[in-house]
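K.L.:
Got a predicted structure here, sequence first:
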Protein chains: 2
Amino acid sequence: MAPGDSKIDVLIVGAGPAGLMAATWMARCGIRARIIDKRGTKIFNGQADGLQCRTLEIFDSFGFADRVWKESNHMLEICLWNPDADGNIRRSDRIPDTIPKISRFQQVVLHQGRIERFFLDSLKEHSDITVERGVLPEALIFDESLAEDVDTYPIDVTLQHLSEEELNPDQSQATNGTAKSDGLFRSNISADDTDDLLNRASQNAKTGTRETIKAKYMIGCDGAHSWTRRQLGYKLEGEQTDYVWGVLDIIPITDFPDIRMRCAIHSASSGSVMVIPRENKLVRLYIQMTTTERGGGKLDRSNITPQMILECAQKTIAPYKITYDYCDWWTAYQIGQRVGSEFSKNERIFLAGDAVHTHSPKAGQGMNVSMQDAYNLGWKIASVLNGTANRSILKTYQSERRRIAQDLIAFDHKFSRLFSGRPAKDVMDEAGISMEEFKDAFEKGNMFASGVAVNYGASVIVAKDGDAAEQGDGTDVSVKNPNGARVIGNAKLARNIKTGMRMPSFQVLNQADARPWQFQEMLKSDGRWRIVVFAGDVANASQMKRIKNLGSSLAAKDSFLYRFTPPGTSIDSIIEILTIHSSPRSETELFDFPDIFHPYSEKEGWDYWKVYVDDMSYHEGHGHAYENYGVDPGKGCLVVLRPDQYVGWIGEIEDVAEIARYFEGFMVQRT
Amino acid sequence: MAPGDSKIDVLIVGAGPAGLMAATWMARCGIRARIIDKRGTKIFNGQADGLQCRTLEIFDSFGFADRVWKESNHMLEICLWNPDADGNIRRSDRIPDTIPKISRFQQVVLHQGRIERFFLDSLKEHSDITVERGVLPEALIFDESLAEDVDTYPIDVTLQHLSEEELNPDQSQATNGTAKSDGLFRSNISADDTDDLLNRASQNAKTGTRETIKAKYMIGCDGAHSWTRRQLGYKLEGEQTDYVWGVLDIIPITDFPDIRMRCAIHSASSGSVMVIPRENKLVRLYIQMTTTERGGGKLDRSNITPQMILECAQKTIAPYKITYDYCDWWTAYQIGQRVGSEFSKNERIFLAGDAVHTHSPKAGQGMNVSMQDAYNLGWKIASVLNGTANRSILKTYQSERRRIAQDLIAFDHKFSRLFSGRPAKDVMDEAGISMEEFKDAFEKGNMFASGVAVNYGASVIVAKDGDAAEQGDGTDVSVKNPNGARVIGNAKLARNIKTGMRMPSFQVLNQADARPWQFQEMLKSDGRWRIVVFAGDVANASQMKRIKNLGSSLAAKDSFLYRFTPPGTSIDSIIEILTIHSSPRSETELFDFPDIFHPYSEKEGWDYWKVYVDDMSYHEGHGHAYENYGVDPGKGCLVVLRPDQYVGWIGEIEDVAEIARYFEGFMVQRT
């Protein structure tokens, strides 16, 4: 999508992580989109940094988790430091940072600027979408009457292309070890950011002008002060706390033994420090500024200096010493805990990320939840625009993600209070925080903070039992199935695959070449739905007969596969079938399986990348996928996955008619 | 190093994999180098493709193995197909392609054009060395009398910068499914190659002119028809065989069940096919062209067409069918098996790669051995230029690598004969090849073909027993130690670490942050020597006392560490100390170890990346490094590693004087 087209399908406002995630979906699904940002450049350091294991899974589905994994600092262990009986801090506990076995990735830390770089590189590789910088939205007109007519452009936006002078010129190098706090200074810019800086001025031929464009959809990813949200008149609901925190990104010079561990340090009476070791020898310190107290007057944050923050840290960490020669970034903030009242206007204009939730940064959630908002939304908009799905799926965005934001704020309330509070002197000290309670909360919080615990409620695309409104944020996303009873599925066929949660990943082998893969690696974010056929033990003749029957049903010219696939496109272009069987690999041949499980193309022959086996690998052990997924090899099952890897439906090998009814609930028939 | 400087340290002729490997060392060691190539562009497909696990280890030491690992096809299983009693081919065996546990990588396949891309990107990231294309060497004058005077420039080379017209203009798109066989056509150029193509014409302002430059060293990586070799009057010794083979890179359309496995197919009387599955759905077929026979007249290869090659394959593979719609590249070749008579002229001009060895491509060795020549050579030249080592180490290049080339040709003789021959009809058929013998050779060949079996002979930099000339190619590289007896080391202290072989890799944890690493990941190719301190069980007080004593010896201002390190540079800039201990991680602190094991810097505090522990990780199991390395935790040992990860010396914790003597054999004292 070249900048400058006046009619587009999707306008994305804001090129932070949420906006870039939305643009990435559009790139992968071939949607005409523009993405604008009022800043003149991307950011280069500081800002958000923590990445959940779920976020890495998502990055992997777009093909760049490896870059993050390589550059980031991996978080392995949390050390809790607390006052002993004499009031001196000592290490009281070690706990794993990421709960073992919940994901094939662990939590890592890498600054937002690098994450944005990977998104930008990925956009360049897969599309002609480029971020238009120095572009400010000025006016929004929305014609609500056109909202339900899929082919219309109900959104008019006027864009102002800022001149060089209007862009923030404050880009000078920090001096005397005092880094700027806006994340824009250039002390440690990576080589692959250089081109962007050089091209900044020349990128936009429209500098200093205005244009008005028409859009079918619009996504406001424009941060806590969201212009888009203000145009819609929506509120962030919640409150500002009075806890004031300072943040320092430094290369520490210290004798504190756990400086390369994630640490929560509570001193007896000199506040708290959270230590987050980072990439490039950096360590981030979150420091409670003890000069303010709950209920006190509003602190003037402009008076806070890095030196003040450092001194607070030094008091907490005493008798250990800490100082620095190099500071990469710093800031001071107060915690606000708020959720947007609405996440969309008529399912045409959407809000995502900080525009609809703000909270404490210390649990490393913000950038993750923001990106995951856009990850939830992007494929839905693309599916409607591509003609795959009808508009009913769009309501699930608010239902699914506003509920997550609410849960996050509840988590953050508890976590911040525990972290900001003073340690209890003894069990009678009710105003203090029990360190046992803190450890317990930390451990429980880890599951939430991993991102893999997300469990979307029942809806038109999540076939499970229970009340749809209760399981979401209250939005009505219940199933309006024209063909009879609600589709529920049969969840017990796969004990460890949960409808509404993301598909877990275990190792399987490609039947055709014996290569081990994490099964999740097959679930690329390309907009396709998937049916995973757990074919079971196909060496058993009666089981193989069931699989052959399934193949015949799916290959029938009136099957739902053909009905939902546009004529002239390959049969796996809307719904892909992936098979995992459990018979010995060397006693099974790819050609034993029905053709539809490994479709033939006149140009490229058979497809060798769709049939997998749960067997021993030569170099990487046995994935025990059937055992880990909780599927009986003698029985097998079918699992439907949404384009975002979340489980939509689980049923029997014979339940083809039921899958068809599931898809009929929201898919558009093409033949 | 900007193109155009008339005095340089190193001139590299040829920008194929060997030349790029040499340039990469110069980039990492800060050497002023130029690299020229007569071709107008890099190649984009075809050519060599197989990568040994050792080659991946080397790539990882430069930081780009991950790109290869991600893009390549991984080779897991070899299927042997042979005639049954009725003369029909059937799968007779499955064997693992890479022998389990010999490396953390397995053999993979990726075409040479991508490998060159990764080298070019790495050069760009780490230096200003760029390949000067369309540049032909015309004249070479070498002043032998200056050879041993380290600071001189004994080499004069005249370079011709070709005009656009002189460059091969044959770059048109292949048509009718008939790909060109020169590897230069552009049907599937990757996005990141595009810039190079666009900039091709403008890259060289000297187009159409000549220049003469002076160099200290020169490396001829200019292929089987090496111009450099011809200037020196050296010969390739050996013979041309009459086996003629065709190669097709196609997307196969076939019912052959093992097309995604590496296969050796011997038909009863219709020749042999080797199947090499590749990236991007491609499969390479090596096909014996049965129209020629040993002793027949020389085949005119210009008459061979892809159709002829395909028809041969079809006969071998019958009754299975194979054809294609897309052919990416093809060629036909005869096997020559030759080794260069000399690998260097006065250790000032060196030859590497195809310039000094040619052989059959089917075992996937060529590109690997060529790159490993340059990998062996590059750091040695850089060390002499940097003032770290004296010129005595340069003789070990020929001693080590010419011996490898000789071994390779011996391997290739045997392998080619087995592969090109007709299967024996029965045990009485002495002219035929026994399939048992073939399988046996295949399995044994796999160890050789992995690249990890390389075992360099005794020399000034390999402290082990035995006759230096016998263990190498005959070159005299024996130790001229000015300080007494030859240094031999005490190899039995580490059962599975072999002096002269590359350091094996097992998982260890960083003491400071609990992160698991393959130990080899610490051994970056940056020109540094390393001493690995197997500190053993430091929870034992007497063992810890030995370690403290070692620390004191190393930290003494007259220790070899200080003597060989230039004043004003960090103490780990020439020789880095890495420690692996075996006590429980959580009962050990980094600060328990002597300071010299984790040096302090005034700018960056303590070094947290030098002390490791053999303990259980949270997510990736236990590396059992002591057990796997064969080191007694109660005793420990010291291991010296060369900059290329090969083991130079093994000894006791107390053998500091002996290490000093080892280094004194070739290192230059700086203080």
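P.N.:
Looks like it came in fine. Numbering: from 1, shown residues only, chains lettered A, B, ... in the order given.

K.L.:
quick one: A:Arg661 and A:Ile488, what's the gap?
P.N.:
11 Å (CB to CB, to the nearest Å). In short, each C-beta sits where N, CA and C put it, glycine included.

K.L.:
Comparing these two, which residue is more hemmed in?
P.N.:
A:Arg661 (21 against 18; other CB atoms under 10 Å in any protein chain shown).

K.L.:
is it fair to say the more buried one lies in a helix?
P.N.:
Yes. Counting by DSSP: H, G, I helix; E, B strand; the rest coil, A:Arg661 is found in a helix.

K.L.:
Let me see the ranges of the helices in the stretch 51-200 of chain A.
P.N.:
Ranges of helices in the stretch 51-200 of chain A, per DSSP state H, counting those that start in this stretch, are A:53-62, A:65-71, A:112-126, A:194-199.

K.L.:
Now do the same for A:Lys281: helix, strand or coil?
P.N.:
Classified using three-state DSSP, A:Lys281 is coil.

K.L.:
List the contacts of it.
P.N.:
Each residue near A:Lys281 by CB atoms under 8 Å, 6 or more residues apart in numbering or on different chains is listed here: A:251, B:604.

K.L.:
Parallel or antiparallel, list what pairs with whichever strand or helix holds A:Ile213.
P.N.:
Assessed by DSSP states H and E, A:Ile213 sits inside strand A:210-220. Take DSSP bridges as the rule and strand A:210-220 pairs in its sheet with strand A:7-13 (parallel), strand A:155-161 (antiparallel), strand A:349-351 (parallel).

K.L.:
Alpha carbons only: can I get it in PDB?
P.N.:
This file holds the C-alpha atoms of strand A:210-220, laid out as PDB (Å, rounded to 0.1, in the frame of the first residue of the first chain):
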ATOM      1  CA  ARG A 210      -3.000  18.100   4.500                       C
ATOM      2  CA  GLU A 211      -5.000  15.300   2.900                       C
ATOM      3  CA  THR A 212      -8.300  13.600   3.600                       C
ATOM      4  CA  ILE A 213      -8.700   9.900   3.200                       C
ATOM      5  CA  LYS A 214     -11.600   7.400   3.300                       C
ATOM      6  CA  ALA A 215     -11.200   4.200   5.200                       C
ATOM      7  CA  LYS A 216     -13.300   1.100   5.700                       C
ATOM      8  CA  TYR A 217     -11.800   0.400   9.100                       C
ATOM      9  CA  MET A 218      -9.600   2.400  11.500                       C
ATOM     10  CA  ILE A 219      -7.500   1.200  14.500                       C
ATOM     11  CA  GLY A 220      -6.400   3.700  17.100                       C
END
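
K.L.:
in the stretch 1-150 of chain A, which ranges drop under the pLDDT threshold?
P.N.:
For the stretch 1-150 of chain A, the stretches with pLDDT under 70 are A:1-5, A:43-46.

K.L.:
what's the distance between the closest residue to A:Tyr243 other than its chain neighbours and A:Lys414?
P.N.:
Nearest residue to A:Tyr243 in three dimensions, chain neighbours excluded: A:Ser420, at 4.6 Å (CB to CB, 6 or more residues apart in numbering or on different chains). With distances taken as CB to CB, A:Ser420 is found 11 Å from A:Lys414.

K.L.:
Which of these two has more residues huddled nearby?
P.N.:
A:Ser420 (20 against 14).

K.L.:
any idea how far A:Gly665 lies from A:Ala458?
P.N.:
Taking CB to CB, one finds A:Gly665 at 12 Å from A:Ala458.

K.L.:
coming back round to it: list the contacts of the residue nearest to A:Tyr243.
P.N.:
A:243, A:272, A:288.

K.L.:
And the second one, how far from B:Lys101?
P.N.:
Spatial separation of A:Ser272 from B:Lys101 under the definition CB to CB is 47 Å.

K.L.:
circling back: phi, psi of the residue nearest to A:Tyr243?
P.N.:
The phi and psi values for A:Ser420, taken as degrees, to the nearest 10, are phi -80, psi -20.

K.L.:
Next: A:Thr41.
P.N.:
Torsion angles, degrees, to the nearest 10, at A:Thr41: phi -140, psi 170.

K.L.:
Show me the strands in the stretch 51-200 of chain A, by range?
P.N.:
Ranges of strands in the stretch 51-200 of chain A, per DSSP state E, counting those that start in this stretch, are A:73-74, A:77-83, A:89-96, A:108-109, A:131-133, A:135-142, A:155-161.

K.L.:
Go through the last one and flag the buried ones.
P.N.:
Put plainly, it is strand A:155-161. A:155, A:157, A:159-161 (16 or more other CB atoms under 10 Å in any protein chain shown).

K.L.:
between these, which is nearest chain B?
P.N.:
A:His161 (27.4 Å; CB to the nearest CB).

K.L.:
So which residue of chain A lies furthest out from the middle?
P.N.:
A:Asp86 (43.9 Å; CA atoms, centre = their mean).

K.L.:
Any idea how many residues pack against whichever residue of the stretch 301-450 of chain A sits closest to chain B?
P.N.:
For the stretch 301-450 of chain A and chain B, the shortest gap (CB to the nearest CB) falls at A:Asp325, measuring 4.8 Å. For A:Asp325, the neighbour count with other CB under 10 Å is 14.

K.L.:
Name all residues that make contact with it.
P.N.:
A:177, A:251, A:253, B:602-604.

K.L.:
A:Ala215 versus the residue lying closest to A:Glu620 once chain neighbours are set aside, what's the distance?
P.N.:
Leaving aside its chain neighbours, A:Glu620 sits nearest to A:Pro516 (4.8 Å; criterion: CB to CB, 6+ apart). In this view, A:Pro516 and A:Ala215 are 44 Å apart by CB to CB.

K.L.:
quick one, which of the two is more surrounded?
P.N.:
A:Ala215 (25 against 21).

K.L.:
My guess is that one contacts A:Tyr153. True?
P.N.:
Yes. Using CB atoms under 8 Å, A:Ala215 is in contact with A:Tyr153, at 6.1 Å.

K.L.:
do you know how far the residue nearest the centre of chain A is from A:Glu521?
P.N.:
Centroid-nearest residue in chain A, with CA atoms, centre = their mean: A:Gln372, separated by 3.0 Å. Distance of A:Gln372 to A:Glu521, given as CB to CB: 19 Å.

K.L.:
before we move on, what about A:Tyr600?
P.N.:
24 Å.

K.L.:
check contacts around A:Asn73.
P.N.:
Counted by CB under 8 Å, 6+ apart, A:Asn73 has contacts A:108-110, A:277-279, B:513.

K.L.:
Turn the residues you listed into a markdown table, columns for distance to A:Ile335 and neighbour count.
P.N.:
Below are the contacts of A:Asn73 laid out as a markdown table (distance: CB to CB, whole Å; neighbours: other CB atoms under 10 Å in any protein chain shown):
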| residue | distance to A:Ile335 | neighbour count |
| --- | --- | --- |
| A:Val108 | 24 | 25 |
| A:Val109 | 20 | 22 |
| A:Leu110 | 23 | 23 |
| A:Pro277 | 23 | 24 |
| A:Arg278 | 21 | 22 |
| A:Glu279 | 25 | 15 |
| B:Asp513 | 28 | 20 |
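
K.L.:
all strands of the stretch 201-350 of chain A, in order?
P.N.:
A:210-220, A:236-254, A:262-266, A:272-277, A:283-288, A:322-340, A:344-345, A:349-351.

K.L.:
Out of those strands, which one sits most buried?
P.N.:
strand A:349-351 (a mean of 29; mean count of other CB atoms under 10 Å in any protein chain shown).

K.L.:
Which residue ranges make up each domain of chain A?
P.N.:
A:7-71+A:108-235+A:337-397, A:489-664 (automatic domain parsing).

K.L.:
Lowest average pLDDT across those?
P.N.:
Least confident of the domains of chain A, judged by mean pLDDT, is domain A:7-71+A:108-235+A:337-397 with a mean of 86.

K.L.:
re earlier: mind giving me TSV with the domains of chain A and columns for distance to B:Ile393?
P.N.:
Listed next are those as TSV, based on distance: least, CB to CB, whole Å:
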stretch	distance to B:Ile393
domain A:7-71+A:108-235+A:337-397	33
domain A:489-664	36
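
K.L.:
quick one: pLDDT of the residue lying closest to A:His357 once chain neighbours are set aside?
P.N.:
Computed as CB to CB, 6+ apart, the closest residue to A:His357 that is not its neighbour in sequence is A:Ala405, at 4.1 Å. Looking at A:Ala405, its pLDDT is 94.
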